[in-house]
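Asker: Got a sequence here, can you build the structure:
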Amino acid sequence: MVGPRTTIALAVAALIATLAATLLHAGSAQPDAARIGERALPDLADRMEEAARLTVTTGTGRFTFARDGDGWVWPERGAFPVPSERVTGVLTALGALELAAPLTIRTDRYARLGLEGIVDADSRSTRVDIETADGTPLGRLLLGYRRRGGLDGLYVRHAFAARSWLASGGIAVPDDPIAWLDRRLVDIAPDAVAVIDVTDVGGMSIQLARPDAQAGFAALGTADQSPAEALTGLFATLDFTDLRPAEEDEAAESLAIALTTFSGLTIRARFALAPEGREAPWVHFAASAEADATAAVQDTATDLAQHLGPWHYRLSEQRLERIASALAALRTALAETPP
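Answerer: Purely as a prediction, here's the structure:
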């Protein structure tokens, strides 16, 4: 049984919600009220399989992903593959959005909803454009703030419409294209590394080898092995922070590091001299296998070469600092090792 206090609380909550909605409305929303329950993007919902391009625009930039056969790619980065499940997941969520409540048509109130449009770097809206292969629009929608409490949902506005809406359904559209990608480059376990080769721009070449994971690297003798051990982990769970097609702006090599595993797989990283104004050097990776490696290792090397070779990558500052620190420690250790 609902008591008087509960009844009053519900009435107050309803009044607050009504007043809040009134503040966001401008003019009568009655003609649009009949659309409640409609799909926000009916063309997308009905023709999902025809979606061939997804463009995301924010105040800080714009990027487009395109369908390529059964998958998706990033054309602006040399057709780098984009995990299909991430794109289709966003498209499915967009297609499922339903109009829940009509809101304001006044431009001076859009900002309260995060729907002011993309005008400069401070714009808080995210615009998504979905098209077929021939350029037919399947949806053009501005996404605003997430509303929580009461009637949950997302503030939306069709790109060329005045009416804003609260849409039911949840969706997160990353505004950084890198966040959509599988950023893992390689993952070589430290105890799998048998040989370390280092060549720097000055021509100094260092090679360290060990017979098994429990043994030390012979070049260091009985000296501290920790610098070499640090280098064995450089390609473990290695992710990139940016990428570009490999043929662009080739720069002189400043450093090369290669790790070879006991199974005969070699991963080589070539660090380019950083052009003026760049935060970090671009890195090009190559993969190969020794002639006597097993067929499985040969296949792994081929797959990695196809995945890594066409692009240059940037690594995180933390990873670059680890590399610089490990190399400095290794040079010191070698200098102190008796001949």
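Asker: Report how many residues lie close to residue 121.
Answerer: Residues near residue 121, counting by other Cβ atoms under 10 Å, number 9. C-betas here are computed from N, CA, C, even on glycine.
Asker: what's near enough to touch it?
Answerer: Going by Cβ atoms under 8 Å, 6 or more residues apart in numbering, residue 121 touches 59-60.
Asker: mind listing what's buried in the longest strand anywhere in the chain?
Answerer: In the chain, assigned by DSSP state E, the strand with the most residues is strand 137-147. Of the residues in strand 137-147, 138-144, 147 count as buried by neighbour count, 16 or more other Cβ atoms under 10 Å.
Asker: Tell me where the model's unsure across the chain.
Answerer: The chain contains residues with pLDDT under 70 at 1-31, 150, 201-203, 222-223, 248-252, 273-279, 337-339.
Asker: where do the helices sit along it?
Answerer: 4-24, 30-33, 42-46, 84-96, 226-232, 295-308, 317-336 (DSSP state H).
Asker: out of those helices, deepest packed?
Answerer: helix 226-232 (a mean of 20; mean count of other Cβ atoms under 10 Å).
Asker: quick one on the thing from earlier: of all the helices of the chain, which one is nearest residue 118?
Answerer: helix 84-96 (17.3 Å; Cβ to Cβ).
Asker: pretty sure residue 213 contacts residue 229?
Answerer: No - here residue 213 lies out of contact with residue 229, judged by Cβ atoms under 8 Å, at a distance of 10.5 Å.
Asker: Just want the angle from the longest strand of the chain to helix 84-96.
Answerer: 80 degrees (axes from the mean of the first three to the mean of the last three Cα atoms, to 10 degrees).
Asker: by contact count, what packs against strand 137-147?
Answerer: Counting contacts by 3 or more Cβ pairs under 8 Å, 6 or more residues apart in numbering; DSSP states H and E, strand 137-147 packs against helix 42-46, helix 84-96, strand 126-131, strand 153-158.
Asker: can you pull out the strands in the stretch 151-300 of the chain?
Answerer: Under the criterion DSSP state E, counting those that start in this stretch, the stretch 151-300 of the chain carries strands at the ranges 153-158, 164-168, 184-186, 193-200, 205-209, 238-239, 242-245, 253-261, 265-272, 283-289.
Asker: Just send those strands back as JSON lines, with distance to residue 128 and mean neighbour count too.
Answerer: Shown next, in JSON lines, are the strands of the stretch 151-300 of the chain (distance: least, Cβ to Cβ, whole Å; neighbours: other Cβ atoms under 10 Å):
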{"stretch": "strand 153-158", "distance to residue 128": "10", "mean neighbour count": "23"}
{"stretch": "strand 164-168", "distance to residue 128": "13", "mean neighbour count": "25"}
{"stretch": "strand 184-186", "distance to residue 128": "26", "mean neighbour count": "17"}
{"stretch": "strand 193-200", "distance to residue 128": "44", "mean neighbour count": "19"}
{"stretch": "strand 205-209", "distance to residue 128": "50", "mean neighbour count": "15"}
{"stretch": "strand 238-239", "distance to residue 128": "26", "mean neighbour count": "18"}
{"stretch": "strand 242-245", "distance to residue 128": "23", "mean neighbour count": "17"}
{"stretch": "strand 253-261", "distance to residue 128": "40", "mean neighbour count": "19"}
{"stretch": "strand 265-272", "distance to residue 128": "35", "mean neighbour count": "21"}
{"stretch": "strand 283-289", "distance to residue 128": "32", "mean neighbour count": "20"}
